[in-house]
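**Student:** here is the input, now give the coordinates:
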Amino acid sequence: MNQYLPGGVDHPSWRTVLGTFVGYGAILLVMTVLLFAVPYLVFTAI
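**Tutor:** Model prediction:
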């Protein structure tokens, strides 16, 4: 399968792809907590 990957798996472009997915995942996790968990905790504390 490595014959189809450009430059091999250790090429900097694959590290960029991995970093992009990790960054978007972290942003989505933070936004989910801020938009759903925080209001839920605020309204259940009343």
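
**Student:** just the element for residue 15, please.
**Tutor:** helix 12-32 (DSSP states H and E).

**Student:** for that helix, which positions count as buried?
**Tutor:** Buried positions in helix 12-32, judged by neighbour count with 16 or more other C-beta atoms under 10 Å: none. For glycine as for every other residue, the C-beta is placed from the backbone atoms N, C-alpha and C.

**Student:** what's the average pLDDT for the next helix or strand after it?
**Tutor:** Per DSSP H and E, the first helix or strand lying C-terminal to helix 12-32 is helix 38-44. Helix 38-44 carries an average pLDDT of 94.

**Student:** C-alpha coordinates for helix 38-44, PDB please?
**Tutor:** Extracted in PDB, the C-alpha atoms of helix 38-44 (Å, rounded to 0.1, in the frame of the first residue of the first chain):
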ATOM      1  CA  VAL A  38     -21.700  24.600  30.100                       C
ATOM      2  CA  PRO A  39     -25.300  25.600  29.500                       C
ATOM      3  CA  TYR A  40     -26.500  22.200  30.800                       C
ATOM      4  CA  LEU A  41     -24.500  22.700  34.000                       C
ATOM      5  CA  VAL A  42     -25.700  26.300  34.400                       C
ATOM      6  CA  PHE A  43     -29.400  25.400  34.000                       C
ATOM      7  CA  THR A  44     -29.300  22.300  36.200                       C
END
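
**Student:** I am finished for the moment; much appreciated.
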